[in-house]
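Q: please work out how this folds:
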Amino acid sequence: MNAAARPPGVDPAWPDDAIEVGRIGEPWGLKGWVKVQPFAADPQALFSSRRWFLLPSEKAGPLRPATSAAAIPSLLKIIQVKDHGDVVVALAQEVPDRNAAEALRGARVFIGRANFPTPDPDEFYWVDLIGLNVVNRAGEKLGIVAGLIDTGPHSVLRVAPEVLPEGVSAQEAERLIPFVGAYVDAVSLEQRLITVDWGLDY
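A: Residues are numbered from 1 along each chain as shown. Predicted coordinates for the structure are as follows:
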């Protein structure tokens, strides 16, 4: 999931903490429902907010004027949302029929981070981990969380050094640390710090 500042020319209510949580796919049925491909395995953010902010696909260019019949609205007010296999389906006030739903295909869905459900004490949203410093038990700094990889059974931290060694690519310099209790001692969002059982030479 990626954070995004409010783009120029879109809804002034765009949240400062907007996070990209999915993409709109094909229409579902004839009454304006759309399929959404969530970015998270557990798409609770899509269920927790009734205000979805949209940007067009990167391939579509800037938002078209609101006067255009085929415009992508910058805000959807969600009436209903439900699970549908590997996707989520939703109905919004601004999407009255299948043609309107088709016009949204490829749109990027954003939700304010403040509207995400509160995770359990031992659970974290990926977006909250990216950018945190990672140190080992000896206090040695391993780098900064650049991203995560979902392997199915668990996630893996991609930890990038602050300074690349000479002649080494960013990918080669990354450490991959399983985000499991056997290796992760503590996560402090307040201190922006993750402490792990991991050596410098691993």
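
Q: CA atoms for contacts and neighbours, from now on please.
A: Will do.

Q: so residue 79 versus residue 50, what's the distance?
A: Taking Cα to Cα, to the nearest Å as the measure, residue 79 falls 7 Å from residue 50.

Q: of those two, which one has the most company?
A: Ranked by neighbour count (other Cα atoms under 10 Å), residue 79 and residue 50 place residue 50 first, with 17 against 12.

Q: which residue packs closest to the more buried one, ignoring adjacent ones?
A: Spatial nearest neighbour of residue 50, excluding adjacent residues (Cα to Cα, 6 or more residues apart in numbering): residue 78 at 4.8 Å.

Q: in its sheet, which strands sit next to the helix or strand containing the one you found, and in what direction?
A: Residue 78 belongs to strand 75-84 when assigned by DSSP states H and E. Note on strand 75-84: by DSSP bridges, its sheet partners are strand 51-55 (antiparallel), strand 87-92 (antiparallel).

Q: most tightly surrounded among those?
A: Mean neighbour count (mean count of other Cα atoms under 10 Å) peaks for strand 51-55 among the strands paired with strand 75-84, with a mean of 23.

Q: how far off centre is it?
A: Computed by Cα atoms, centre = their mean, to the nearest Å, the chain-centroid distance of strand 51-55 equals 13 Å.

Q: and for stretch 80-89?
A: 17 Å.

Q: tell me the mean pLDDT over it?
A: Average pLDDT, stretch 80-89: 93.

Q: end-to-end on that stretch?
A: 8 Å.

Q: now that stretch: buried residues?
A: For stretch 80-89, the buried set under the neighbour-count rule, 16 or more other Cα atoms under 10 Å, comprises 81, 87-89.

Q: what does stretch 111-128 give?
A: For stretch 111-128, by 16+ other Cα under 10 Å, it's 111-113, 115-116, 126.

Q: what does that stretch contact?
A: Stretch 111-128 is contacted by residues 1-3, 15-21, 44-46, 48-49, 51-53, 147-148, 189 when judged by Cα atoms under 8 Å, 6 or more residues apart in numbering.

Q: so which of these belong to helices?
A: Using DSSP state H, the subset of those located in helices is 44-46, 48.
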